[in-house]
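In: what follows is a predicted structure for the sequence shown.
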Amino acid sequence: MRVVVAITGASGVDYAVTLLRTLKEEKQLIISAHGERLIEIESAISREEIESFADKTYEDSDLEASVASGSSQFDAMCIVPCSMSTLSKIACGIADTLITRTASVCLKEGRKLILVPRETPLSKIHIDNMSRLAGAGAIILPAMPAFYSGPKEIQDMVNFIVGKIMEALGLEHQLYKRWKG
Ligand SMILES: Cc1cc2nc3c(=O)[nH]c(=O)nc-3n(C[C@H](O)[C@H](O)[C@H](O)COP(=O)(O)O)c2cc1C
């Protein structure tokens with residue numbers, strides 16, 4: 001399985017870091033300019049270290065990268081964290097960056113597209129755009145950690161969301177304890 005992971009300028013870079021560390025599959029990484037800024041602001045590790053978890057990193061401006069084409073053989077894309085700006089652009093079909101173009105490729109080719117927004121509260125425009133994307137086949141997976149798994153540390157809450165992403169990708173994980181009833 002080949003997965004494209006994109007980091008945009010929303011809070012929650014640690015979700016992407018944990019996903020990249022957890023995924024054993026081939027990983028291609030794209031970081032937006034504002035995603036890079038969020039790495040500087042809130043991540044304990046550098047962009048270079050984050051890039052080292054991926055097999056390949058593309059510039060967000062590189063619209064000639066392989067993943068920009070429907071002929072590229074990747075299986076899924078996860079935008080984590082996903083800003084409302086990027087989410088709204090994808091919902092409108094705007095494909096002016098490698099991240100938005102690759103997301104557009106996922107939708108047109110019927111490949112898995114997982115968006116992990118963090119924004120709160122949400123405006124009607126945000127909700128309408130999410131609804132539009134869900135209708136087009138995207139999976140909207142908000143960064144909303146649950147408490148039934150008994151989180152003790154921030155990393156436990158991060159693991160819960162990344163576990164949900166792994167499940168959406170159809171992959172096994174041991175990131176949180178499932179509810180047994
Ligand atoms: C510290 C900081 C935190 C931010 N957090 C969010 C967020 O959680 N969600 C969001 O939609 N935008 C957030 N933004 C705003 C985005 O970074 C901004 O809309 C940017 O244009 C997104 O660009 P991109 O989608 O190309 O990465 C944040 C900005 C800063 C400086």
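Out: Nice, I can see it.

In: state the distance from the residue nearest to residue 143 when sequence neighbours are not counted to the ligand.
Out: Distances taken as CB to CB, 6 or more residues apart in numbering place residue 118 nearest to residue 143, at 4.5 Å, with adjacent residues excluded. Using the backbone N, CA and C atoms, a C-beta is placed for each residue, glycine as well. Using CB to the nearest ligand atom, to the nearest Å, residue 118 is found at 4 Å from the ligand.

In: residue 118 and residue 9 touch, don't they?
Out: No - taking contacts as CB atoms under 8 Å, residue 118 lies outside contact range of residue 9: 10.6 Å.

In: quick one: the residue of the chain at minimum distance from the ligand from residue 147, how far?
Out: Distances between the chain and the ligand by CB to the nearest ligand atom are smallest at residue 9, namely 2.7 Å. Separation of residue 9 from residue 147 (CB to CB, to the nearest Å) stands at 28 Å.

In: how about the nearest residue to the residue of the chain closest to the ligand once chain neighbours are set aside, what does it touch?
Out: Closest residue to residue 9 apart from its sequence neighbours, by CB to CB, 6+ apart: residue 34 at 2.5 Å. By CB atoms under 8 Å, 6 or more residues apart in numbering, the residues touching residue 34 are 8, 9, 83, 85.

In: packing partners of the host helix or strand of residue 48?
Out: According to DSSP states H and E, residue 48 maps onto helix 47-52. If you count contacts as 3 or more CB pairs under 8 Å, 6 or more residues apart in numbering; DSSP states H and E, helix 47-52 packs onto helix 13-22, strand 26-31, helix 33-42.

In: and that helix, which residues are buried?
Out: The neighbour-count check on helix 47-52 (16 or more other CB atoms under 10 Å) flags 47, 50 as buried.

In: repeat for stretch 107-124
Out: 107, 111, 112, 113, 114, 115, 116, 117, 118, 119.

In: mind pulling the model confidence for residue 126?
Out: Per-residue pLDDT puts residue 126 at 98.

In: ok, now which ones touch the closest residue to it other than its chain neighbours?
Out: Take residue 126 and drop its neighbours on the chain: the residue closest to it by CB to CB, 6+ apart is residue 84, 5.4 Å away. Residue 84 makes contact with 10, 117, 119, 126, 129, according to CB under 8 Å, 6+ apart.
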